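# next comes the sequence, and after it the predicted model I'd like to discuss.
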Amino acid sequence: MSTALLIVDHGSKRDEANRMLEDVATILRQKRADLIVHIAHMELAEPCIAQGFEACVKDGATEVVVHPYMLSPGRHAAKDIPAMAAEAAGKFPGVKWRCTQPLGLHEKIGDVVLERAGLL
């Protein structure tokens, strides 16, 4: 079984904001060379979730883990992204998929905030 990680953010009209998600994917690929990693934007930019899901499958994924790259479990992370992922997955009935919780609360988030604030 080949697993893919599809990282999904909101999407932005600003190219530099959208490119940052690709940088996150690069970091994850370096950490897990065995993992297929693609990105998608919920709206406003491409690749969209359907395109990202398809890219995962084209690269050989038999399981796709969709991760909302958002801080809070708001409407987008809790409803919109899972619904869009379900629709995309419907085109690939042999592929298992699941949607994770967003970044949310985690001890390491505190470290990142303190580091960015110059307080660590």
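Great, that's in hand.
# residues near residue 113, how many?
For residue 113, the count of nearby residues is 11 (other C-beta atoms under 10 Å). All C-beta spots, glycine's among them, are computed from the backbone N, C-alpha and C.
# mind listing what's buried along the helix or strand where it lies?
Element membership for residue 113 (DSSP states H and E) is helix 107-116. Buried positions in helix 107-116, judged by neighbour count with 16 or more other C-beta atoms under 10 Å: none.
# and the helices in this protein, which stretches?
With DSSP state H as the criterion, the chain has helices at 15-31, 49-58, 75, 81-89, 107-116.
# Serialize these to JSON lines and add fields for distance to residue 37.
Shown next, in JSON lines, are these (distance: least, C-beta to C-beta, whole Å):
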{"stretch": "helix 15-31", "distance to residue 37": "5"}
{"stretch": "helix 49-58", "distance to residue 37": "9"}
{"stretch": "helix 75", "distance to residue 37": "25"}
{"stretch": "helix 81-89", "distance to residue 37": "16"}
{"stretch": "helix 107-116", "distance to residue 37": "19"}
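# low-confidence ranges in the chain?
Applying pLDDT under 70 to the chain flags no residue at all.
# how far away from the center of its chain is the helix holding residue 113?
Distance, stretch centre to chain centre, for helix 107-116: 20 Å (C-alpha atoms, centre = their mean, to the nearest Å).
# contacts for that helix?
By C-beta atoms under 8 Å, 6 or more residues apart in numbering, the residues outside helix 107-116 that reach it are 71, 103, 120.
# got a winner among the residues you listed for most neighbours?
residue 103 (17 neighbours).
# quick one: residues contacting that residue.
69, 70, 71, 109.
# surely residue 61 meets residue 36?
Yes. Assessed by C-beta atoms under 8 Å, residue 61 is found in contact with residue 36 at 5.1 Å.
# pull up the overlap in contacts between those two.
Counting by C-beta under 8 Å, 6+ apart, the residues touching both residue 61 and residue 36 are 2, 3, 4.
# burial measure for the second one, as a count.
Going back to what we said before, that points to residue 3. Per other C-beta under 10 Å, the neighbour tally for residue 3 reads 17.
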